[in-house]
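# coordinates only, no sequence provided:
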């Protein structure tokens, strides 16, 4: 069944588009949900971006950095909306220019390395870091270290959800932050059990 890309709720409360996300139907080797389904809905994607940048409106932001790979989607959309430049923070081994690397441990507990080009950050540059999701916080922390090691300033962090993990709380305490989850839904996100998944059927169209 194809997605209904035109249906928009008459009342678009903050985070309404979160119900468009899909649960994991493939097992434990995958993330517990697929947030990218909401990007298929024009208004949902647009409202998601607007909600994420709202706390930063009027803030001095020079550049947006998106984290490999799904942070590229939201990060570039936010950069375009704010009319700022965009820089990609990559998994190590993909950039053919001079880079700075940073080891980290991702949400699955695997040790990895990310890298960032060294010609995009100047001392004092204010950078908004964007990823699709923050679960344990390790990836976002490593991205912040890459910016700060080059003299940049983390102007804020943004993701669809910053979970209430130890790493997530550390980030919230240290940086200005934004996510899309209303307070009354946060317990569901922390438990990885969304009520909106109960009616989900694989292959169904967007409501």
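Perfect, I can see it now. Bear in mind that the values here come from a model prediction, so they are computed numbers and not experimental data.

# so what secondary structure elements neighbour the host helix or strand of residue 127?
In this structure, residue 127 is located in strand 126-130 according to DSSP states H and E. Secondary-structure packing of strand 126-130 (3 or more CB pairs under 8 Å, 6 or more residues apart in numbering; DSSP states H and E): strand 63-67, helix 71-82, helix 138-149, strand 153-158. No exception for glycine: its C-beta is placed from N, CA and C like everyone else's.

# tell me which of these sits most buried.
strand 63-67 (a mean of 26; mean count of other CB atoms under 10 Å).

# so for that one, mean pLDDT?
Mean pLDDT, strand 63-67: 99.

# now the angle from it to helix 71-82?
160 degrees (axes from the mean of the first three to the mean of the last three CA atoms, to 10 degrees).

# list phi and psi for the nearest residue to residue 179 once chain neighbours are set aside.
Spatial nearest neighbour of residue 179, chain neighbours left out: residue 162 (4.7 Å); criterion: CB to CB, 6 or more residues apart in numbering. In terms of degrees, to the nearest 10, the main-chain angles of residue 162 are phi -110, psi 100.

# where does the protein have low pLDDT?
By pLDDT under 70, the weakly predicted segments of the chain are 1-5, 203-207.

# would you map the helices across it?
Taking DSSP state H as the criterion, the chain carries its helices at 42-53, 71-82, 138-149, 166-174, 186-191.

# what is the orientation angle of the second one with strand 153-158?
Angle, helix 71-82 to strand 153-158, by the same axes, to 10 degrees: 110 degrees.
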